[in-house]
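**Q** give the three-dimensional model of this entry:
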Amino acid sequence: MAPRATVSICRACIAQSPLSASHFARPSRHFASASDPPLPKTRRSPTTFSDRLNTGPSFTDFVSSRNEAPLSMSEAYELKTVQVGPPGRQRTVSRLPTWLKTKIPDNPNYKKIKADLRGLNLHTVCEEARCPNISECWGGDNKNAATATIMLMGDTCTRGCRFCSVKTAKNPAPLDPHEPENTAEALRRWGLGYVVLTTVDRDDLPDGGGHHLAETIQKIKQKAPTMLVETLSGDFAGNEEMVRLVARSGLDVFAHNIETVEALTPFVRDRRATFQQTLRVLQVAKEEKPDLITKTSMMLGLGETEEQIYDALKALRSVKVDVITFGQYMRPTRRHMQVEEYITPEVFNRWKERAMDMGFLYCASGPLVRSSYKAGEAFIENVLKKRKAGRTETVMADMEGDIRDSRIL
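**A** Presented below is the predicted three-dimensional model:
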């Protein structure tokens, strides 16, 4: 009997086989040959699907907006447009104020910092949040003049605020255990005098990433003791123990953004980030370390009123916040909130004067100002250095007094 290794059966084999041809017949299968007539082609009508129940973008679409191309500057600040012109020849008119235009980044320092960041697997909020000041901050005349805001704990946040373009997921990738060391090493290489560390929210972690952030600050201070460190942290889901841990980790400025007025907070921020919780985080940090500079930031142009801004400033001063910044809200993609109003530079200047009159140590206010802003950091750096010098002078004066007293005795 022939071996059963045959993989195909031809008609000649069937003719020579002692079995009948019907034995090989299989109604459900057909082995085509060149002599068989071609099968008739059937036309299929195209199919369509229309979802009449969900007319707007789903939450999945919203959190996946990171895959969209970023809007141009004119689209990012675009308000509701109007059609002008005769029927059939209408065009959309929208104007971008000159004060909202920025340069395209093209600078050796910019390229060097970007290469260092990718080589050490680090992220920056400058890139993830599409900051308009990236050219100014990364493109200093030398590396000492350049600044960058490092974003820790990955590039994916567990929250979905309607103004923010940082990627969102329920379970981001695990923390990189080498990130604290790599961050400290990168900053040591750059030789900066002032650095800003920010984080995504990590509600998937029991401590919200508090220990990871504190370890990074400690390693930076070990490698560069004179470097001033500002952290723009999350709220750790209201975990006050983690707030206190970060506050006493060796940092110089504790920042946590209020983002908008209380009435708009539920519509602008993720529902887990409340106005009162932000106030409490800032208050706890100041209580833990009274000489620590606390800082926050607000976006304007979301539809807030003057009275609401005043109320927010009063609440911030009640918990002894030292520094505040005001900036124009920028719409990252079409899936995010629209800009409700252009705020002019004159109005920003008025809010700066009002904030200073209310007792804030410093206020940076302007259309392109962001929470991590070069001019504000320079001012805070100067204040911190003066404070340090003042403490040194006090210690020296006390020592001289002790010497004089010992001589009298």
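
**Q** so where's the stretch 101-250 of the chain shaky on pLDDT?
**A** 101-148 (pLDDT under 70).

**Q** strands of that one, start to end?
**A** Ranges of strands in the stretch 101-250 of the chain, per DSSP state E, counting those that start in this stretch, are 123-124, 149-152, 156-157, 167-168, 194-199, 228-232.

**Q** tell me which strands the fourth one pairs with, and in which orientation.
**A** Same thing as strand 167-168. strand 156-157 (parallel) (DSSP bridges).

**Q** neighbouring contacts of the strand it pairs with?
**A** Cys164, Val166, Lys167, Thr168, Ala169, Pro172, Ala173, Val200, Asp201, Arg202 (CB atoms under 8 Å, 6 or more residues apart in numbering). The C-beta positions use only the backbone N, C-alpha and C, and glycine is treated the same way.

**Q** and for stretch 276-288?
**A** Contacts for stretch 276-288 (CB under 8 Å, 6+ apart): 235-236, 238, 240, 243-244, 246-248, 254, 256-259, 262, 292, 294, 296, 315-316, 318-321.

**Q** mind running it again at 6 Å?
**A** 235, 238, 240, 243-244, 247-248, 254, 256, 258, 294, 315, 319-321 (CB atoms under 6 Å, 6 or more residues apart in numbering).

**Q** drop anything exposed from the residues you listed.
**A** Buried members of the contacts of stretch 276-288, counted by 16 or more other CB atoms under 10 Å: 235, 238, 240, 243-244, 247, 254, 256, 258, 294, 315, 319, 321.

**Q** pick out the most distant pair among those.
**A** Arg244 and Ala315 (21.2 Å; CB to CB).

**Q** which elements pack onto the one helix or strand Lys295 maps to?
**A** Take DSSP states H and E as the rule and Lys295 turns out to sit in strand 293-300. Where contact means 3 or more CB pairs under 6 Å, 6 or more residues apart in numbering; DSSP states H and E, strand 293-300 is packed against strand 253-255, helix 275-288, strand 323-328.

**Q** can you give me the helices for this protein?
**A** If DSSP state H is used as the criterion, the helices of the chain fall at 11-16, 59-63, 73-76, 108-119, 125-128, 134-138, 179-190, 210-223, 240-247, 265-268, 275-288, 306-318, 345-357, 374-408.

**Q** okay if I get the buried ones among the contacts of stretch 276-288 as TSV plus distance to Arg387?
**A** Output for the buried ones among the contacts of stretch 276-288, formatted as TSV (distance: CB to CB, whole Å):
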residue	distance to Arg387
Asp235	27
Gly238	30
Glu240	26
Val243	22
Arg244	22
Ala247	17
Phe254	15
His256	21
Ile258	25
Thr294	14
Ala315	26
Val319	21
Val321	17
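
**Q** per-residue confidence for Arg387?
**A** Listed pLDDT for Arg387 reads 79.

**Q** ok, it - how many residues close by?
**A** Neighbourhood size, Arg387 [other CB atoms under 10 Å]: 13.

**Q** quick check: nearest residue in space to it, chain neighbours excluded?
**A** Among residues not flanking Arg387 along the chain, Asp291 sits closest, at 7.5 Å (CB to CB, 6 or more residues apart in numbering).

**Q** look up phi and psi at the one you found.
**A** Per-residue torsions, Asp291: phi -90, psi 0 (degrees, to the nearest 10).

**Q** burial of it, as a residue count?
**A** 9.

**Q** please apply the same query to Glu307.
**A** Glu307: 10 neighbours (other CB under 10 Å).

**Q** for it, give its distance to Cys157.
**A** 31 Å (CB to CB, to the nearest Å).

**Q** ditto for Val229
**A** Distance from Val229 to Cys157, by CB to CB: 22 Å.

**Q** same deal with Leu251?
**A** 21 Å.

**Q** try Pro174
**A** 15 Å.

**Q** who has more neighbours out of these two?
**A** Cys157 (24 against 10).

**Q** grab the nearest non-local neighbour of that one.
**A** Nearest residue to Cys157 in three dimensions, chain neighbours excluded: Val200, at 3.9 Å (CB to CB, 6+ apart).

**Q** and for the residue lying closest to Leu361 once chain neighbours are set aside, the neighbour number?
**A** Excluding the flanking residues, the one nearest Leu361 by CB to CB, 6+ apart is Asp322, at 4.2 Å. Neighbourhood size, Asp322 [other CB under 10 Å]: 21.

**Q** my understanding was that Asp322 contacts Thr294; is that so?
**A** Yes: contact criterion CB atoms under 6 Å: Asp322 and Thr294 qualify, at 5.4 Å.

**Q** find the residues that touch each one of these two.
**A** With the criterion set as CB under 6 Å, 6+ apart, the contacts of Asp322 and Thr294 do not overlap.

**Q** alpha carbons of stretch 294-308, as PDB, please.
**A** Provided in PDB are the C-alpha atoms of stretch 294-308 (Å, rounded to 0.1, in the frame of the first residue of the first chain):
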ATOM      1  CA  THR A 294       4.900  77.500  47.100                       C
ATOM      2  CA  LYS A 295       3.700  78.200  43.600                       C
ATOM      3  CA  THR A 296       0.600  77.700  41.300                       C
ATOM      4  CA  SER A 297      -0.700  78.700  37.900                       C
ATOM      5  CA  MET A 298      -3.900  79.700  36.300                       C
ATOM      6  CA  MET A 299      -5.100  79.700  32.600                       C
ATOM      7  CA  LEU A 300      -7.200  82.600  31.400                       C
ATOM      8  CA  GLY A 301      -9.500  82.500  28.400                       C
ATOM      9  CA  LEU A 302     -11.700  79.600  29.500                       C
ATOM     10  CA  GLY A 303     -14.800  81.800  30.300                       C
ATOM     11  CA  GLU A 304     -13.900  82.800  33.800                       C
ATOM     12  CA  THR A 305     -15.200  86.100  35.300                       C
ATOM     13  CA  GLU A 306     -13.100  88.800  37.200                       C
ATOM     14  CA  GLU A 307     -15.000  88.000  40.400                       C
ATOM     15  CA  GLN A 308     -14.100  84.300  40.100                       C
END
